[in-house]
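K.L.:
my questions are about this predicted structure, shown below with the sequence.
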Amino acid sequence: MPEPSAEILFRAARGDRVALGRLIEQQQTYIYSIAMSLLRPPPTRPMPLRRPAFG
């Protein structure tokens, strides 16, 4: 995935909606993967196959 250009970042930061739209389009896969990693529930701990007899 290519890095966004400094010009698009600058324009988007200044409120240019077209630049923001282009930035989102260019980075949407990256943005989606970050969002999913934050929203995904933590994995459940598997149950042990056996328990210790004296523990």
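P.N.:
That came in fine, so what should we check first?

K.L.:
helix/strand/coil for residue 50?
P.N.:
The local conformation at residue 50, judged by DSSP: H, G, I helix; E, B strand; the rest coil, is coil.

K.L.:
now residue 16: how far from residue 25?
P.N.:
Distance, residue 16 to residue 25, by C-beta to C-beta, to the nearest Å: 14 Å. To be clear about C-beta, it is placed using only N, CA and C from the backbone, and glycine gets the same treatment.

K.L.:
helix, strand, or coil at residue 42?
P.N.:
At residue 42 the chain is in coil, as set by three-state DSSP.

K.L.:
tell me who's in contact with it.
P.N.:
Not one residue lies near residue 42 by C-beta atoms under 8 Å, 6 or more residues apart in numbering.

K.L.:
just to revisit the earlier point, so for residue 16 and residue 25, which sits in the more crowded spot?
P.N.:
residue 16 (14 against 8; other C-beta atoms under 10 Å).

K.L.:
for residue 8, see how far away that one is.
P.N.:
9 Å.

K.L.:
could you do residue 24 as well?
P.N.:
In terms of C-beta to C-beta, residue 24 sits 10 Å off from residue 8.

K.L.:
look up how far residue 28 lies from the residue nearest the centre of the chain.
P.N.:
Residue closest to the mean C-alpha point of the chain, counted by C-alpha atoms, centre = their mean, is residue 34 at 0.6 Å. With distances taken as C-beta to C-beta, residue 34 is found 11 Å from residue 28.
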